[in-house]
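Asker: structure for the following, please:
(one chain, ligands or ions: 1)
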Amino acid sequence: MIFSKKLITLYFSLFLGLLSSVSPLASQETPRLEQASISFRIGHNIWSNDARFTQLLELFDKYPDATDEITFFTQGTHTPITDEELERRCVLLKQRIDEVHAHGYRAGINILCTMGHHPEDLPHSIGSEIPRAQTLDGRIAEGTLCPNNENFRQRIRRIYTAMANANPDYIWVDDDVRTGHMLDSSGTPGSVCFCDNCMKILAQKFDVEIDRDYLTSHMSDPIVLAKIHEFTSDSYDKLFALIEETIRKISPDMPIGFMTGERYDEGYDFERWAKTLMGPNGDKEAYWRPGGGFYEQSYMNGLFGKSHEIGRQVSLLPPEVVVIQSEIENFPYQLLMKSANVTTLEAVSHIAAGCTGAAFNVLTNNNEPLDEYENMIAKVAERRPFFDLAVQKLGRNPNIGVFPLWEKTDGSYQNRTPVQALTSCFSETGVPIAYKFLPDQTNVVLLSRAYLSHKTPEEIKKVFQMGVYTDLDAVNLANDPATYALNDLTGMGYGGEIHVDGIEKIEEHPLNGSFAGRTRDLRQSFWREPIYSLKKTRPNVETLSSCVDYGGDQTAETIVGIFENPLGGRICVNGYYPWGNFYNYSKQSQIRAIIRWLSRDRIPGYVDSFAKINFWLRAPNADGSFAGVAINSNYDPVEKVAIMLKTDRDSIDVYDYSCQKTTVKASFSDEAGYRRFIVPEIKPWEPVLFVCE
Ligand SMILES: [Zn+2]
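Answerer: Numbering: from 1, shown residues only. Predicted coordinates for the structure are as follows:
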């Protein structure tokens with residue numbers, strides 16, 4: 001296990017050397033990793049109790065493959081404890097870390113409350129000597145400290161010194177460095193703090209005089225919002241610089257990690273913060289732990305939703321960040337909420353989306369024996385070889401495929417839903433998702449009105465030069481004569497609405513193949529979404545689907561249409577439930593055919609069997625080799641899964657969940673350069689890793 005630490009350090013050093021001589025942007029320059037980076041996060045109630053801690057080490061010794069690292073939470077509650085209490089705990093942590101080292105694992109400290117998440121256990125938490133954060137409406141966040149005052153900064157020096165002196169291998173800053181402080185149930189955009197002192201700092205960004213009332217009445221102004229996000233980002237950056245300086249004064253090479261979530265109102269400045277954590281010369285190591293909320297398994301789409309959130313977070317990290325452990329959290333740690341099988345599949349899914357490891361926060365936080373958690377640890381150990389193999393083959397190469405248009409400056413939390421909705425329905429159709437716009441790889445985008453609404457006409461024109469799948473809501477905005485007037489590029493417009501009894505009928509068209517005549521009825525009387533009839537505003541628009549009623553009479557000639565515009569862009573507008581329910585054979589097949597057409601046969605691959613399979617593909621290495629992951633996201637096995645890949649290789653290696661390799665020869669190749677590889681079987685809720693070398 002100590003060997004793994006050396007390996008990661010070696011590869012990281014090699015990579016830093018590489019970066020100094022070449023541009024870091026091209027995918028082929030990303031580092032090859034030998035194995036996944038796996039950690040377990042351990043609650044205070046376990047490590048502070050001798051018997052529990054001994055049992056923990058016994059369990060890991062019984063399943064030594066389960067983890068490389070044991071990471072200790074400083075506390076279990078979400079408001080900061082006193083400095084004295086934290087220092088006292090660090091004395092015991094130093095002993096625990098020594099013991100963990102003696103067992104061959106790396107050990108680190110995860111401070112849960114640098115600022116404090118939210119009010120909890122206030123009677124046993126830090127006193128009022130350190131000012132609390134304040135919300136925009138003037139409320140005091142009792143559980144969160146304002147990060148921008150000198151008392152707080154003195155505290156940071158003191159407690160991070162105490163932690164560094166406990167001799168950990170690394171220190172993690174938790175995602176309590178965040179906005180909102182869980183005071184707003186409405187989901188309104190927050191900020192880190194609006195106390196009087198912070199308002200003075202924020203005011204420096206404005207040319208006009210501001211107060212909380214002014215900001216409240218201007219929250220829909222994107223310029224005001226951008227300034228608030230920038231202030232939050234500055235506050236984090238200043239805090240990280242202080243943490244970095246404090247830790248590295250004691251331990252110059254100690255890696256420092258930060259845990260994040262998809263929060264647009266923080267500025268999403270991962271690259272900036274990572275570089276600050278890498279020190280003034282940029283030569284120290286920063287770890288990252290992207291997270292999201294998937295705590296129990298009753299809604300399995302939540303697992304993949306979290307993977308896509310994580311994919312977007314990873315896409316913003318600089319390539320120098322190599323240790324990326326996904327958050328796997330089963331809070332509040334009731335074992336039956338999420339099975340060991342789902343917990344481990346989650347690690348695979350997040351690795352597919354871009355992580356290079358996982359941090360399991362899945363053991364009890366109660367003061368109780370760990371007996372019933374043995375199966376969880378055993379399952380992680382059982383799946384460990386697959387995690388390692390996947391990280392070896394996928395490395396840090398970016399995901400490629402269809403890009404659901406988003407930017408970190410999208411600005412408001414509310415924009416997350418459209419991006420997420422756009423992403424999920426295509427990913428589970430077997431279409432690979434890219435999380436970042438890569439100019440040499442991206443030529444199909446998924447477009448929402450939310451994205452268009454803050455773009456200039458020139459920016460929108462560039463979008464419509466690619467392959468664009470979109471809905472009428474976005475097209476209406478693009479066509480708006482008062483703003484963009486891009487009818488030439490969209491080819492279609494509003495042709496009326498149908499509010500009752502609308503059924504999609506797939507029409508005769510080469511893209512529809514043998515599915516012409518089939519229907520898709522999403523029952524408007526239950527799920528009341530208007531259907532949009534598409535008016536063809538240019539001559540060469542082609543109909544893929546029409547609308548009929550329950551008597552079979554046509555009520556709209558075109559509700560799904562395609563168009564090739566004068567700039568060479570290819571457009572598909574879908575007026576019938578455009579962002580979901582692609583679950584029947586005919587619609588799923590039509591969607592894949594549309595994507596391939598939009599890409600002009602450049603989409604790098606896709607699943608071509610009728611199945612619910614989430615699919616990820618990575619950019620190729622310099623030698624042309626590449627890899628990807630497919631997860632069967634349903635309760636039935638899928639046999640003879642066809643994977644179409646654009647490659648000149650004759651065969652691919654397919655690894656099942658037990659890492660058994662099957663070499664699959666191409667069964668067919670078409671004139672556009674795609675080859676079809678038939679994977680014998682993907683079991684329910686299991687992945688396969690495929691590698692083309
Ligand atoms: Zn403040």
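Asker: off-centre distance for the lengthiest strand in the chain?
Answerer: Ranked by residue count and defined by DSSP state E, the top strand of the chain is strand 554-564. Remark: strand 554-564 is offset 34 Å from the chain centroid, using CA atoms, centre = their mean, to the nearest Å.
Asker: show me what that strand is packed against.
Answerer: strand 492-498, strand 503-506, strand 531-536, strand 542-548, strand 570-574, helix 585-598 (3 or more CB pairs under 8 Å, 6 or more residues apart in numbering; DSSP states H and E). C-betas here are computed from N, CA, C, even on glycine.
Asker: contact partners of the last one?
Answerer: The set of residues external to helix 585-598 that reach it, using CB atoms under 8 Å, 6 or more residues apart in numbering, is 402, 426, 429-431, 444, 467-469, 504, 506, 511-513, 515, 518, 520, 544-545, 560, 562, 570-572, 581-582, 603, 606-608, 610.
Asker: tell me how far that helix lies from the chain's centre.
Answerer: How far helix 585-598 lies from its chain's middle: 25 Å, per CA atoms, centre = their mean.
Asker: which parts of it are buried?
Answerer: By neighbour count with 16 or more other CB atoms under 10 Å, helix 585-598 contains the buried residues 586-598.
Asker: that helix vs strand 570-574, what angle?
Answerer: Interaxial angle, helix 585-598 versus strand 570-574 (axes from the mean of the first three to the mean of the last three CA atoms, to 10 degrees): 150 degrees.
Asker: quick one: mean pLDDT for helix 585-598?
Answerer: Averaged across helix 585-598, pLDDT comes to 98.
Asker: again, but for the third one
Answerer: The predicted model assigns strand 531-536 a mean pLDDT of 98.
Asker: for it, packing partners?
Answerer: Looks like strand 531-536 contacts strand 492-498, strand 554-564 (3+ CB pairs under 8 Å, 6+ apart).
Asker: adjacent strands (with direction) for that strand?
Answerer: Paired neighbours of strand 531-536 in the sheet (DSSP bridges): strand 492-498 (antiparallel).
Asker: so what touches the partner strand?
Answerer: 472, 475-476, 479, 487, 524, 530-538, 541, 547, 555-556, 558, 561, 563, 571, 573.
Asker: which of those residues are buried?
Answerer: 472, 475, 479, 487, 524, 531-538, 541, 547, 555-556, 558, 561, 563, 571, 573.
Asker: determine the number of other residues adjacent to G257.
Answerer: The tally of other residues near G257 (other CB atoms under 10 Å) stands at 24.
Asker: how about the spatially closest residue to it that is not a sequence neighbour, what does it touch?
Answerer: Residue nearest to G257 in three dimensions, not counting chain neighbours: Y287, with 3.3 Å by CB to CB, 6 or more residues apart in numbering. By CB under 8 Å, 6+ apart, the contact set of Y287 is 170, 172, 255-258, 321, 323-325.
Asker: could you redo the last one with a cut-off of 7 Å?
Answerer: 170, 255, 257, 323, 325 (CB atoms under 7 Å, 6 or more residues apart in numbering).
Asker: check those and tell me the two furthest apart.
Answerer: Using CB to CB, these reach their maximum pairwise distance at P255 and Q325, which is 11.5 Å.
Asker: who has more neighbours out of these two?
Answerer: Q325 (28 against 23).
Asker: and the angle for whatever helix or strand V641 lives in with helix 585-598?
Answerer: Using DSSP states H and E, V641 falls within strand 638-646. Calculated by the same axes, to 10 degrees, strand 638-646 forms an angle of 10 degrees with helix 585-598.
Asker: and strand 638-646, which residues are buried?
Answerer: Buried-residue list, strand 638-646, by 16+ other CB under 10 Å: 638, 641-646.
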